[in-house]
Each structure stands twice: as C-alpha cells, then as structure tokens.
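# below are the sequence and a predicted model for it; my questions follow.
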Protein chains: 2
Amino acid sequence: MVDRTGHRTVPETPRRTDRLSGPRYGNRPTMKDVAARAGVGLKTVSRVVNGEPGVTPETERRVQESIDALGFRRNDSARVLRKGSTASVGLVLEDLADPFYGPLSRAVEEVARAHGALLINGSSAEDADREQELVLALCARRVDGLVVIPAGDDHRYLEPELKAGVATVFVDRPAGLIDADVVLSDNFGGARDGVAHLIAHGHRRIGFIGDMPGIHTASERLRGYRAAMEDADIQVEDAWISLGVTDPERVRRATEEMLSHPDPVTAVFAGNNRVTVTVIRVLTEQSRQVALVGFDDIELADLLQPGVTVVAQDAAALGRTAAERLFRQLDGTLRAPERIELPTRLITRGSGELPPAD
Amino acid sequence: MVDRTGHRTVPETPRRTDRLSGPRYGNRPTMKDVAARAGVGLKTVSRVVNGEPGVTPETERRVQESIDALGFRRNDSARVLRKGSTASVGLVLEDLADPFYGPLSRAVEEVARAHGALLINGSSAEDADREQELVLALCARRVDGLVVIPAGDDHRYLEPELKAGVATVFVDRPAGLIDADVVLSDNFGGARDGVAHLIAHGHRRIGFIGDMPGIHTASERLRGYRAAMEDADIQVEDAWISLGVTDPERVRRATEEMLSHPDPVTAVFAGNNRVTVTVIRVLTEQSRQVALVGFDDIELADLLQPGVTVVAQDAAALGRTAAERLFRQLDGTLRAPERIELPTRLITRGSGELPPAD
C-alpha cells in the first residue's frame, strides 16, 4: 500500500452573506398580525382560520375583516409541519450517482429528521423540464418545503407554490428569475485559488476541463481560472479550455488533446469530481508528469501516488445550511431571502505541487 | 501517477431464479378475465370500471356481475401509471451517502423514466421504524410502486398496500415475513469466492470485518467466509471475525486489533465498500504487507498500489432488474413473486494476490 501523504490547508475565507433585494418573508402577514389588528388573541385567530368552534359571530367577522385587510394566507405547510403527521421535505438533486450529493443529501436528511420531517428525494438528471416536473410533483404530494439543486435557470414556475407557503431553498446553484434563499460554495474563489496554486508552482500553460458552460458552478469556476491567469498576466489560449459533459469519453478526449498539443499544457485544473477521476486515469498513462488540481474532494484521493490536490467543498455544510434555512422559513423566523456563500478549502497532497515537466 | 494494473475476471456463475411458494399476481383477476366471463370487449369493461358512458344498462349489469363473481379489483396504480399524469415510483434506500446506492438509484430512475414515471427516493438510515414510516408516507403520497432496500425484517405492515395494488420489489436484501419479489446479489457465493482466492494464494489466517450481523448481506457474506474456510479445513478463530457498524473508528480498531494479535492475520476480507476504504487506510500504515479482498468495487481502487482486489456487485443491474420487475407487476405480466440472484465478479488487481508476509 502506498504511504499516506500529509495535507495542508489554506486559511478559509470568511463567510459572506449578501442580502438580496426585496424582503419576501417580511412581507407576509402572520397570524400574530391578524390577531393584533382584530384585537383578539392568537388562539381566536387560529380557531377562525381552522374552522374550529368557540368563536362568536361578531368576533369571527372582525378576524375575517383583519385577514382580508392584511391579505393573510394560512401557511398550510407550516401547519402540517407543526402537526407532525405528514411532515416532509423534498430534495431535488441533479444526479443520484454523483458522490458529491451523498453527504449533501444526508445532511439535509439529518436536519429534516431533527425536525421530525421525512426527506423525499428526486433527480432532475440535469434537465430543466424534469426539474420542474419533479418539483411540482413533490408539491402536489404536499411536501412542506423544498431544497433544490436546480438544473434550469428560470424558476418562475415556482411562484404559485412559494405564495402558497411552500418553503424553498436553492443549494449548489442559484435560482433563476425569482427571489429565493440560495446556499452556494465560493466556486469562483475556490477555482481562482486552485489555479493560482499551480501558477505559484511554476506553471503557465494550464488547462481547464470543466462541465457544461450553462451550469452555474462550471461557469463560475471557469471565471475563477481566468481571473487567476489574468492576475499572473498569462494569456489564455483557446486550446487550454474544454467544457462539456463530464462522461469519461469526452473528458479523456479533451485531456489527451491538450497533452498532445505541440506546446502542451504542463498542468490541468479539473472542474469537478467527475472530471478529476477521468483526468487522473489519463495522467497515469502519460510518460511525463503533469500537475493536477481538482475541484471537489474524492474518496481515496490522498492514497494515490501522488496524492491528488483538490479544492474541497463542504458538501455536508451546504446541505445542512440549506436545510436549516428551510426550517427557519417554516417556523417564520427568517425575514428575507439571502445568498449564502460557503468557503472552499485547498488541500495539497502532491499532484498540484509538481513542477512543470519541461 | 501510479501505473494502472490490469484486471482479470473469473467466469460469472449462472443467474439463478427460484420460485417462491404461492403465486400472488396469478391470483389477481384482470380486466381481461372480467371481459371474457362477461362476453364483452376489454374496452367495455374499461368503460364500466371507469364510469364512462357508452354502455347499455344490460351490458353494465353483466360486467358488474362478472366483476363481483371474480372479485376483480381495479388496480388504481396501474391506471394512474397508464394515464401518466402522476405516475411515480418510490425507492427506499438504506443510506443516501453510500456510493453503492448511486448506480442502483440511477438505474431505477432510468427504468422509471422509460416508463414515464418519476422516481422519489427516501432513506431509512438503517432503521426499521424509519423504513416503515417512509414506505407508508410514500404510499400515502400515492406512488404506484415501491423498490425497497429494507432495513427491517418484518414487512407485514405492507400487506394492505400490496392488496391495494401497490407494486413492490425488494432489492439488495430480502423481504421479511411476506411473499414479495426480491432481487439480490449472490452475497454468499461472492464472499466464498473471494476468501477462497486468498486461501489459494497461501493464506490461512484470514480476518473477516463486516457490517452488523442483523443485516442480511453481512450475515450471508460471513456465511460465505466460513464456507470457504471450512472447504480448506481451516479452523476459524474468534479473533479473526469482527462485525459491527461500518464507521471508520470501529473498523480501524477492529483491523488494528487483528493485526496486533500475537499470531496476526495475514489477509483481510472486508465485508463491504465502507469497511474496505478504512481497511485500506490502516494497511497503508503497516510495515508488513497484508493481503486484502473487499466486497463491492470502489472508485479509483485500480489506481492504488497495489490495486485493490474486490468482489464486485453490479449495483446498476440490481436496480435495473428490480425496476423492470416493478413495471412488469404494474402492467400485469408477472405471474408470481420470484427471488432473483445476480452473480458477483472477482476482480483481481494486486492486493488479493499478495502472499502471506511470514
């Protein structure tokens, strides 16, 4: 067995939170607001809203007036959740077989369970129509909230559900054309750090092999690559960049092309875990050493020779943060949607510290 | 980067199918049976069953008589599925973060999609109560069928759902106390082959580190280990066997104890992918070589030094076979529950071919 190489981490960048325009939760009148306006207790409002007995016609009229005036809408989701009987949260993933989503899903599930809710998952398989179909199917099955890793970039179809009180948090990628809670990794900063690390080890001809350019994370990481190259005054050549599907055949071809170029790259930045796994395989077949930094950590990456240097996301923290915000939406303690960005972590293990071969 | 070692496969054992006692689907009268008995066409029965117009009162009476006589019960699930609008299939997993379930889930999803159905997942987290809660929650959300990797060993709670026409297939582990379709890997045969392979390479003191003994796959693999040892007339010592949770701390301790024994094991058989990953880490820290065969294949296992010899299951085939049976239940073409066992495959890469160190 190989020796385990040590790993060093760079300091984490501080967590940033940016408020988006327009408070959504803050706009929504609560039962408390209705009670205050009608001059009655919360229990009385609850009785009227739920059609329970014990309220005089005059009081009921006053409460109803207050409800109409404020535009109060009973939040069925929160109600179901409090009752606990059918509480459930939906999680829409992008690919069931991508190991990146394993810890993310499990973290969402653990938070859901701590709140007495079941987690129901589904996969969009990177298809916007399928995402919409699945999200609406979950809503039709009365989930109380949704954590969505979006495949599409237009989520206006969700507006009626949001208005009806279905709590929603986007994770890994932002929502499109709606104002919603979003929890992301710092994809731009992580990629920039990883590429700067290769530059610091003497590389100038650095390839970038990424996912499809329409995917938010892929374009952000490419942007990070370009920023690091620009910071070092390196003119990026077209032949150094390859974007597309992450299946092994495409990635293998792209890697081999970059390496067979007359003036080949001396290092590769791999845009995600699926890409990295294939690039590792191609590099093991090369006669000369090529440096590698991959976005996303990979199981056993530290036991390879050399160990694989990665920009690691905290997938569990993404899931946990998203799920916790979801339940804070449901219990009414959030005032407005936010965009939360979690830091990434450069883990050096050998492959990213190799000098240029020439 | 390390060299990629070649791998050799042993011939696959033939696929076995054993009929269980008592046909379930065969007992259920179909719309065709109703039509034949009433002497009318299928469309006429369909009209009566669905309350559509275009049937004379006399014909309707005859059809109803036939329905009553046969005890025909409309299969709402199949009906919903045919209509396609809310068709969905539930998949109950054991652990969302276990990479073994990734390809299995994706295969179920692909079959579901080919049938125009959505897949909804949930995880029992290896808890029988949670499994039941989740299964019933999915039924309440009107899934048309269920693929279940069971955590519990008593599934009589499912009987009302089965009678109501919810198609169900168990996968990876059998159902308990009910007659149901089951798709398994040949866990016994696979483990026996893997241990026999170590014995063939000169090992006699072989450790077995497995999952909790209550889990079907864990006990079957232990049985395979014992069978191989008995075939070779090796008396198994208690200190060579460790069963329990698969978290890294427990597995590390178990492995280290076996290796620090006065008369230590020279080889380890790891009971599943979670165990194997930790055993690999412990073995890299040892000064002497210890052979290893793991149950389940692992990503990048072929790129380690030495490559990790495994008994591979075909997780995608498990999922695909289970899902295909589910849809055959729904379209009424299955006659009785079956137990299907898929073969495993020994992939030799180096770690399982190391000779004993002493």
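Structure received. Quick caveat: nothing in here was measured; it's all calculated off a predicted structure. Numbers count the residues shown, from 1 in each chain, chains lettered A, B, ... in the order given.

# can you pull the contacts of A:Ala267?
A:198, A:201, A:203, A:205-207, A:290-293, A:352, A:354, A:356 (C-beta atoms under 8 Å, 6 or more residues apart in numbering or on different chains). From N, CA and C alone the C-beta is placed, and that goes for glycine too.

# over to A:Arg252?
A:Arg252 makes contact with A:278, A:281-282, according to C-beta under 8 Å, 6+ apart.

# out of the residues you listed, which sit inside strands?
The strands, defined by DSSP state E, take in nothing from these.

# what residues does the stretch 251-358 of chain A put near chain B?
Selection of the stretch 251-358 of chain A residues close to chain B by C-beta under 8 Å from any C-beta of the partner chain yields A:277, A:280-281, A:283-286, A:289, A:298-301, A:303-306, A:351.

# for ChimeraX, what selects the buried ones among those?
The following ChimeraX selection, which keeps only the buried ones among these, applies the criterion 16 or more other C-beta atoms under 10 Å in any protein chain shown:
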select /A:277,280,281,283,289,298,300,301,303,304,305,306,351
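
# my guess is A:Asp297 contacts A:Arg349. True?
No: A:Asp297 is not in contact with A:Arg349 according to C-beta atoms under 8 Å; the separation is 9.9 Å.

# shared neighbours, those two?
Jointly contacting A:Asp297 and A:Arg349 under the rule C-beta under 8 Å, 6+ apart are A:Val310.

# for the stretch 201-350 of chain A, which segments count as strands?
Taking DSSP state E, counting those that start in this stretch as the criterion, the stretch 201-350 of chain A contains strands spanning A:206-210, A:241-243, A:267-270, A:291-295, A:309-312, A:338-342, A:345-348.

# any idea which of those strands is most buried?
strand A:267-270 (a mean of 30; mean count of other C-beta atoms under 10 Å in any protein chain shown).

# pull up the pairing partners for that one, direction included.
strand A:206-210 (parallel), strand A:291-295 (parallel) (DSSP bridges).

# mind checking the SS state of the closest residue to A:Ala125 other than its chain neighbours?
The shortest distance from A:Ala125 to any residue that is not its chain neighbour, by C-beta to C-beta, 6 or more residues apart in numbering or on different chains, is 6.6 Å, and that residue is A:Asp95. Here A:Asp95 is coil, with the state taken from DSSP: H, G, I helix; E, B strand; the rest coil.

# which ones are touching A:Asp95?
Shown in contact with A:Asp95 (C-beta under 8 Å, 6+ apart): A:101, A:123, A:125-126, B:106.

# I'd like to know which of the residues you listed are part of strands.
Secondary-structure check on the contacts of A:Asp95 using DSSP E: residues within strands are A:Ser123.

# which one among the contacts of A:Asp95 gets closest to A:Val182?
Using C-beta to C-beta, A:Tyr101 is the member of those that lies nearest A:Val182, at 17.0 Å.

# excluding covalently adjacent residues, which one is nearest to that closest one?
What sits nearest to A:Tyr101 in space, not counting adjacent residues and going by C-beta to C-beta, 6+ apart, is A:Leu93, at 5.1 Å.

# list the contacts of the one you found.
With contacts taken as C-beta under 8 Å, 6+ apart, A:Leu93 has the following neighbours: A:101, A:105, A:121-124, A:149.

# and those, which of them are buried?
Neighbour-count burial within these applies to A:101, A:105, A:121-124, A:149; the criterion is 16+ other C-beta under 10 Å.

# residues near A:Ala114, how many?
For A:Ala114, the number of neighbouring residues by other C-beta atoms under 10 Å in any protein chain shown comes to 11.

# show me where the stretch 51-200 of chain A has helices.
Secondary structure of the stretch 51-200 of chain A, counting by DSSP state H, counting those that start in this stretch: helices at A:57-70, A:76-83, A:101-114, A:128-140, A:159-163, A:187-200.

# looking at those helices, spot the one closest to B:Gln313.
Per C-beta to C-beta, nearest to B:Gln313 of these: helix A:101-114, 17.7 Å.

# what angle separates the closest one from helix B:101-114?
When axes from the mean of the first three to the mean of the last three C-alpha atoms, to 10 degrees is applied, the directions of helix A:101-114 and helix B:101-114 differ by 90 degrees.

# now helix A:101-114: buried residues?
For helix A:101-114, by 16+ other C-beta under 10 Å, it's A:101-113.

# I'd like the mean pLDDT over it, please.
If you average the pLDDT over helix A:101-114, you get 92.

# now it against helix B:128-140, angle please.
If you take the same axes, to 10 degrees, helix A:101-114 sits at 90 degrees to helix B:128-140.

# leaving out the residues flanking it, which one is nearest to A:Asp302?
A:Arg349 (5.5 Å).

# what residues sit buried inside stretch A:219-235?
Across stretch A:219-235, burial judged by 16+ other C-beta under 10 Å covers A:219-222, A:224-229, A:234.

# my guess is A:Asp144 meets A:Leu330, correct?
Yes: taking contacts as C-beta under 8 Å, A:Asp144 lies within contact range of A:Leu330: 6.2 Å.

# so the two - more neighbours on which side?
A:Asp144 (28 against 25).

# distance to B:Pro174 for the helices of the stretch 51-200 of chain A - can I get that in TSV?
Listed next are these as TSV, based on distance: least, C-beta to C-beta, whole Å:
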stretch	distance to B:Pro174
helix A:57-70	54
helix A:76-83	35
helix A:101-114	25
helix A:128-140	30
helix A:159-163	39
helix A:187-200	44
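
# on that earlier part again, could you give the bridge partners of the residue nearest to A:Tyr101?
Listed by DSSP bridges, the beta-bridge partners for A:Leu93 are A:Ser123.

# what does the stretch 51-200 of chain A put close to chain B?
Residues of the stretch 51-200 of chain A lying near chain B by C-beta under 8 Å from any C-beta: A:86, A:88, A:95-99, A:102-103, A:105-106, A:109, A:113, A:118-123, A:125, A:133-134, A:137-138, A:140-142.

# what sits against the residue lying closest to A:Asp296 once chain neighbours are set aside?
Excluding its sequence neighbours, the residue lying closest to A:Asp296 (C-beta to C-beta, 6+ apart) is A:Asn273, at 3.7 Å. A:Asn273 sits next to A:98-100, A:294-298 when contact means C-beta under 8 Å, 6+ apart.
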